[in-house]
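Asker: From the sequence below, what's the structure:
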Amino acid sequence: MLARATHALRRQAKRGLSAAAPKKLDRAARRAARQQTADPTTKDTGTTTKLWVTVGGTTAILSAGIYSLMADPETSEVAKAVQSTAIGEWLTVNVGEVAGPFVNPCRDKLLPDWPPDYLNISSDVPCPHTLVLDLDDTLVTASWDRKFGWRHAKRPGVEQFLRDMAKYYEIVIFSSNIAGVGDPVVNALDREGCAMHRLYRECTMFVRGVHVKDLSKLNRPLSKIVVLDKDLKALQLQPGHCIVVPPYTDATNKSDTVLEDITPFLAALVNENVKDVPLALTKFSSHDAADISREYAQMLESAKTKTEGVRSLGLGGFVRSAAPPQAPGRVTGSALAEAGLTARDIAGDAPDAKPARGRLFSFWERRTKQAEEDQKLKMAAWDKVLMKRQQQKRLAAER
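Answerer: Below is the predicted model of the structure:
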């Protein structure tokens, strides 16, 4: 009995081992298993793709950073020394090809040729002055909270400022933000279409970590471009064209008058046909908007006081008091010209004279006139509808 039980236990153990042992594979199955093990792409194709995308993106970012440091003409001495070597020159050229789309503006001409095809302007109309306006913290400010998310507040007087400047300038809103964020804000801000052009981050130049606005790419006379911006670093290539305004970051501040204060000076640049804006801005103590507004107001007050003094003396008295002693036989020059005054300064405007106006765009005048005519037609049509309704009510009452 014991021998028989032992034999049975041995047979059960053999059966268990044979069941646990793996089945022998044929030759074709073994070859397929070896190929699958040798090919890494069959394991996780998604991981491999993500790896290459990460490597490519990192290379592009590093290339943009290296190129922005090495290609900048005002870099440090270390970068200049690297550029002077053969390897540095080769690196600047080759890395520049990769980083160019990330560093340089998206096109050479950021604005179309004047006059644009989509505007009904004659080709003989000269190109006006160009006013470049920053968007974020210059015209509007953004705030965020949990209840409403992102919201934008307009700077006080910005809508009237755009309407006034559209009479004198070709307005360009140039933001360092992306178009997907900035375009809806501009749509809500400029409902009347005062700004003729919009430019965003892809039109800037990336220089040492700053999105710089290169005015030479605007396809407009550089000497007739004036910029309102909160950050002078954004205009580091052409700082002489910038009027720096304080950033508007407090949406509850309704007493801000920066745009209203700078309006007379900007209008005067066009009224007086200033052909060199940077040269005109050097006449002031700084490029700060508050300083320019205050000093320009003082200039106007001084000119007014001088004019009133001339009027009180009379023309003959002024000439006699202003004329220097003359040697015998010497011809006296024009005392008015030497004083910097004209006949208009002394006599003033005629009673029916119109105030000086800037160069208005013909399309703006036509659009305003057409809007008024359309409004009149709408009101006339609405009056007809009201009269018809009243007539129907009377007929219904008589019945």
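Asker: avg pLDDT for stretch 259-266?
Answerer: Throughout stretch 259-266, pLDDT has a mean value of 95.
Asker: With just CA atoms, put that stretch into PDB.
Answerer: Extracted in PDB, the C-alpha atoms of stretch 259-266 (Å, rounded to 0.1, in the frame of the first residue of the first chain):
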ATOM      1  CA  LEU A 259      -4.100 111.000 -23.300                       C
ATOM      2  CA  GLU A 260      -6.000 114.300 -23.000                       C
ATOM      3  CA  ASP A 261      -2.900 116.200 -22.000                       C
ATOM      4  CA  ILE A 262      -0.700 114.900 -24.900                       C
ATOM      5  CA  THR A 263      -3.400 115.500 -27.500                       C
ATOM      6  CA  PRO A 264      -2.500 119.200 -28.300                       C
ATOM      7  CA  PHE A 265       1.200 118.300 -28.800                       C
ATOM      8  CA  LEU A 266       0.400 115.400 -31.200                       C
END
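Asker: List the buried residues for that stretch?
Answerer: Using 16 or more other C-beta atoms under 10 Å as the test for burial, stretch 259-266 gives Leu259, Asp261, Ile262, Thr263, Phe265, Leu266. C-beta coordinates here come from the backbone N, C-alpha and C atoms, glycine included.
Asker: Switch the residues you listed over to a markdown table; also include distance to Leu189.
Answerer: As requested, those are arranged in a markdown table below (distance: C-beta to C-beta, whole Å):
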| residue | distance to Leu189 |
| --- | --- |
| Leu259 | 13 |
| Asp261 | 20 |
| Ile262 | 18 |
| Thr263 | 17 |
| Phe265 | 22 |
| Leu266 | 18 |
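Asker: Contacts for stretch 244-252, please.
Answerer: With contact meaning C-beta atoms under 8 Å, 6 or more residues apart in numbering, stretch 244-252 is reached by 137-141, 143, 153, 155, 228-232, 256, 258-259, 262, 287-290.
Asker: could you pull out the helices for the chain?
Answerer: Listed in chain order, the helices of the chain (DSSP state H) span 2-20, 27-38, 45-70, 77-84, 86-103, 158-165, 179-189, 258-271, 277-281, 289-313, 315-322, 335-338, 343-347, 362-398.
Asker: where does the stretch 51-200 of the chain have low pLDDT?
Answerer: 51-102 (pLDDT under 70).
Asker: what is the mean pLDDT for stretch 275-288?
Answerer: So the average pLDDT for stretch 275-288 ends up being 93.
Asker: Next, the residues that contact that stretch from outside, please.
Answerer: 129, 223-226, 232, 238-244, 269, 274, 291-292, 295-296.
Asker: Would you list the buried entries among these?
Answerer: Buried among these by 16+ other C-beta under 10 Å: 129, 224-226, 238, 240-244, 269, 274, 292, 296.
Asker: which pair in those residues spans the largest distance?
Answerer: Greatest spatial distance in those: Gln238 and Tyr296, 21.6 Å, computed using C-beta to C-beta.
Asker: returning to what we had before: quick one: mark the members of the contacts of stretch 244-252 that sit in strands.
Answerer: The strands, defined by DSSP state E, take in Val140, Thr141, Ser143, Ala153, Leu228, Asp229 from the contacts of stretch 244-252.
Asker: Of those residues, which is the most crowded?
Answerer: Comparing those by number of neighbours (other C-beta atoms under 10 Å), Asp229 comes first, having 23 neighbours.
Asker: And that residue, how close does it get to Pro247?
Answerer: 10 Å (C-beta to C-beta, to the nearest Å).
Asker: Could you pull out the residues contacting both of those two?
Answerer: Thr138.
Asker: Quick check: closest non-adjacent residue to Leu235.
Answerer: Leaving aside its sequence neighbours, Leu235 sits nearest to Cys242 (C-beta to C-beta, 6 or more residues apart in numbering; 4.2 Å).
Asker: For the one you found, report the pLDDT, please.
Answerer: For Cys242, pLDDT reads 97.
Asker: again with Glu308
Answerer: For Glu308, the predicted pLDDT is 74.
Asker: What number of residues are in the vicinity of it?
Answerer: Glu308 has 11 nearby residues by other C-beta under 10 Å.
Asker: again with Met387
Answerer: Neighbours of Met387 (other C-beta under 10 Å): 10.
Asker: what do you get for Trp150?
Answerer: That count, for Trp150 with other C-beta under 10 Å as the rule, works out to 10.
Asker: wait, it sits on Trp144?
Answerer: Yes - Trp150 is within contact range of Trp144, at 5.1 Å (criterion: C-beta atoms under 8 Å).
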